[in-house]
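# prediction below, plus the sequence it came from.
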Amino acid sequence: MAMFDRITFDPRVMGGRACIRGMRIPVSIIVGQLAHGAAHEQILADYPELQAEDIQQALEYAAWLTTEEVHWAEGAR
């Protein structure tokens, strides 16, 4: 996951959820705000410790997660 150098996982921070640069800002918060129509500028104003690159990488990480394949157990369809 070297391409996601701003996404960190630490069991001591937010229970190990995907966060931005070790801060207590989960990727899910950023992606959720974007999904509900927040502009990048508004997110940066709400979280001044964030950088534009953090928002972009959170979105890229969320997109990457959607490439996961589901493998059905035989007869479970």
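Looks like it came in fine.
# drop to CA atoms for contacts and neighbour counts, all remaining ones
Fine.
# what distance do you get for the nearest residue to Pro26 once chain neighbours are set aside to Glu74?
What sits nearest to Pro26 in space, not counting adjacent residues and going by CA to CA, 6 or more residues apart in numbering, is Cys19, at 4.0 Å. Going from Cys19 to Glu74 by CA to CA, to the nearest Å gives 36 Å.
# who's more crowded, the two?
Per other CA atoms under 10 Å, whichever of Cys19 and Glu74 has more neighbours is Cys19, with 23 against 6.
# got the phi and psi for the residue nearest to Pro26?
Main-chain dihedrals, Cys19, degrees, to the nearest 10: phi -130, psi 170.
# check Glu69 too.
Main-chain torsions, Glu69, degrees, to the nearest 10: phi -100, psi 140.
# that one: neighbouring residues, count only.
7.
# for Ile7, which non-adjacent residue is closest in space?
Ile20 (5.0 Å).
# Three-state assignment for Ala73, please.
Look at Ala73: counting by DSSP: H, G, I helix; E, B strand; the rest coil, its state is coil.
# distance of it relative to Thr67?
With CA to CA as the criterion, Ala73 and Thr67 are 19 Å apart.
# now do the residue nearest to Ile7 against Asp10, distance only.
On the measure of CA to CA, Ile20 and Asp10 end up 11 Å apart.
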